[in-house]
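> Quick one, fold the following:
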Amino acid sequence: MSKTFSDLGINKQFVDSLLELEISVPTDIQQKTIPALLNKKEDIVALAKTGTGKTAAFGLPLLQLIDENSTDIQAVILAPTRELGQQIYNNLLSFASNSPEISIAAICGGIPIKPQIERLQTTTHIVVATPGRLADLVSRNAINIKNISYFVLDEADEMVSALKEGLDSIIKEIPKSRRTLLFTATMPGTVKQLIQNYMSKHVIQIEADMKTVGHQGIDHQYVVVEPIEKLDVLLHFLNSKEGERGIIFCKTKAAVNKLAKKLAINKFSSGALHGSLTQGIRDRIMGQFREGYIDILVATDLAARGIDVKEISYVVNYHLPDTYDAYVHRSGRTARAGAKGLSLTILQQEEVEDIADFEQELGITFKQFQKADEQSIEENNGLIWARKIFKTKPNRELSEAYKAKIKTIFHHLTKEELVEKIIADYFSQTNIGNPKAEKAKKK
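As a prediction, this is how the structure comes out:
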């Protein structure tokens with residue numbers, strides 16, 4: 001019989017909040033972590049894939065352990081990006097909806113620091129922060145973390161580089177007696193070093209069902225393309241997913257900008273997300289994506305952290321990631337909260353041999369995606385062309401006399417006849433539907 005949150009020791013007011021969020025059955029990582037955090041005293045290292053409920057695994061017991069009568073900051077939660085920090089903050093607020101006396105603050109980078117300093121002058125029990133901003137506040141003596149009991153490092157494998165500059169100054173401020181809780185989706189050597197440097201020798205090691213949970217519901221596929229057809233294959237795929245939300249991953253910011261521009265030119269509902277954008281633009285794009293105003297995000301790996309949107313139906317690796325860990329984080333953006341999802345990787349022929357390595361390392365199986373044939377690609381491009389015409393704004397600078405001459409040429413045609421002629425003209429230029437041209441192309 002499945003355990004409930006009450007069985008794990010979570011108090012009624014938090015269980016009630018979870019029920020309001022339609023959460024009733026604990027995930028594997030929650031079942032293993034919550035009792036350990038509530039009933040034991042040791043540091044915890046928890047290994048679990050994205051989308052498995054890690055925030056509730058540490059957030060619920062932390063909220064329950066807070067002394068509401070104290071004015072001290074009692075817990076600090078570090079996240080690698082502002083987006084993820086904001087996500088954790090919002091989740092904690094939801095979990096604590098029936099406990100208004102618990103005060104939680106988000107102090108992340110990318111936004112003005114002065115309002116955050118003012119916020120910290122009022123009672124605060126839990127702080128959710130990015131490493132750089134917290135270190136900045138520490139250096140300004142604007143935050144007192146000398147009495148915290150809990151120090152949480154979330155998505156530690158993605159935070160190692162961000163931690164290098166700020167963590168030492170933060171560690172100096174917090175008491176040695178605190179409990180450190182580290183959550184990570186992967187365990188590279190850099191995270192092991194982090195554990196050795198900053199955690200006690202005796203830690204409770206927790207591992208969620210890594211073989212199933214992390215990839216459960218994700219259909220891993222790959223498609224092999226020639227460089228010249230890569231964009232056309234992607235556009236064909238995106239048209240087949242019209243109305244669904246997805247994320248396309250690129251290796252670099254320049255590649256993100258280039259692809260996002262091409263999608264915009266072809267009138268796809270999309271936006272770009274990378275670290276060089278201002279925080280205001282990133283927040284606006286993320287807001288549009290969350291609320292369904294845009295369907296496609298083109299993003300770098302780090303910028304996409306914290307995107308916990310349940311209805312992401314697919315992820316596209318426009319470039320094969322450099323590491324297995326990066327693939328785990330990318331594919332984990334889909335199939336969240338028990339849903340199904342597709343992770344499609346677009347490869348060139350020389351990269352196909354890498355798939356076996358990903359399968360062996362991650363314990364997953366890739367299927368080959370059936371690439372659209374040449375005619376389907378051309379017909380899809382025709383649909384994109386038609387959509388571009390439909391969404392093109394009229395040219396107000398042309399004279400009425402000139403437009404009248406154009407209209408005179410077409411005035412005797414019906415709408416259907418005009419559309420037929422426009423389509424015929426388009427396809428005559430692409431040679432689709434022209435048997436002689438297609439025959440010559442095959443030769």
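> residues of stretch 248-263 that come out buried?
248-251, 253, 255-257, 259-260, 263 (16 or more other CB atoms under 10 Å). Just so you know, the C-beta spots here come from the backbone N, C-alpha and C atoms, and that holds for glycine as well.
> Please tell me how far that stretch is from the chain's geometric centre.
Distance of stretch 248-263 from the chain centroid (CA atoms, centre = their mean, to the nearest Å) equals 15 Å.
> and that stretch, C-alpha only, in CSV?
Written as CSV, here are the backbone C-alpha positions of stretch 248-263 (Å, rounded to 0.1, in the frame of the first residue of the first chain):
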residue,chain,number,x,y,z
ILE,A,248,14.9,23.2,-28.2
PHE,A,249,18.5,23.0,-26.7
CYS,A,250,21.5,24.5,-28.4
LYS,A,251,25.1,24.5,-27.2
THR,A,252,25.8,28.2,-27.3
LYS,A,253,24.1,31.5,-26.9
ALA,A,254,25.0,32.4,-30.5
ALA,A,255,23.3,29.3,-31.7
VAL,A,256,20.2,30.0,-29.6
ASN,A,257,19.9,33.5,-31.1
LYS,A,258,20.5,32.2,-34.7
LEU,A,259,17.9,29.4,-34.4
ALA,A,260,15.3,31.6,-32.6
LYS,A,261,15.6,34.2,-35.3
LYS,A,262,14.9,31.6,-38.0
LEU,A,263,11.9,30.3,-36.1
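> now the spatially closest residue to Thr27 that is not a sequence neighbour: how far from Tyr327?
Excluding its sequence neighbours, the residue lying closest to Thr27 (CB to CB, 6 or more residues apart in numbering) is Gly53, at 4.0 Å. Going from Gly53 to Tyr327 by CB to CB, to the nearest Å gives 21 Å.
> swap in Phe237?
For Phe237, the distance to Tyr327 - CB to CB - is 18 Å.
> Helix or strand with the lowest mean pLDDT in this protein?
Sorted by mean pLDDT, DSSP states H and E, the helices and strands of the chain end with helix 435-442, the least confident at a mean of 46.
> Is Val203 in contact with Val45, as I believe?
Yes. Using CB atoms under 8 Å, Val203 is in contact with Val45, at 5.1 Å.
> picking up where we left off before, export the buried residues of stretch 248-263 as a markdown table, with columns for secondary structure, distance to Lys230 and pLDDT.
Putting the buried residues of stretch 248-263 into a markdown table (DSSP: H, G, I helix; E, B strand; the rest coil; distance: CB to CB, whole Å; pLDDT from 0 to 100) gives the following:
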| residue | secondary structure | distance to Lys230 | pLDDT |
| --- | --- | --- | --- |
| Ile248 | strand | 12 | 96 |
| Phe249 | strand | 14 | 95 |
| Cys250 | coil | 12 | 94 |
| Lys251 | coil | 14 | 90 |
| Lys253 | helix | 19 | 91 |
| Ala255 | helix | 12 | 94 |
| Val256 | helix | 15 | 94 |
| Asn257 | helix | 17 | 94 |
| Leu259 | helix | 10 | 96 |
| Ala260 | helix | 15 | 94 |
| Leu263 | helix | 13 | 95 |
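> which of those residues lies closest to Thr124?
Checking these against Thr124 with CB to CB, the nearest one is Lys253 at 34.6 Å.
> All the helices of the stretch 251-400 of the chain, in order from the start?
If DSSP state H, counting those that start in this stretch is used as the criterion, the helices of the stretch 251-400 of the chain fall at 253-265, 279-290, 324-331, 354-362, 374-391, 400-410.
> Report all helices and strands that the fourth one contacts.
If you count contacts as 3 or more CB pairs under 8 Å, 6 or more residues apart in numbering; DSSP states H and E, helix 354-362 packs onto helix 324-331, strand 341-347.
> So for Phe366, which of the ones you listed sits nearest?
strand 341-347 (7.6 Å).
> in its sheet, what does that closest one sit against?
Here strand 341-347 is paired, per DSSP bridges, with strand 218-224 (parallel), strand 312-317 (parallel).
> buried set for it?
So for strand 341-347, counting by 16+ other CB under 10 Å, buried means 341-347.
> Including distance to Ala129, could these go into CSV?
What follows is the buried residues of strand 341-347, written out as CSV (distance: CB to CB, whole Å):
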residue, distance to Ala129
Gly341, 30
Leu342, 34
Ser343, 31
Leu344, 35
Thr345, 34
Ile346, 37
Leu347, 39
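> Return the item of these having minimum pLDDT.
Lowest pLDDT of the buried residues of strand 341-347: Gly341, 89.
> ok, now which ones touch Lys114?
Under the criterion of CB atoms under 8 Å, 6 or more residues apart in numbering, Lys114 has no neighbours.
> circling back to that earlier point, wait, the residue nearest to Thr27 touches Gln31, no?
No. Gly53 is not in contact with Gln31 according to CB under 8 Å; the separation is 9.8 Å.
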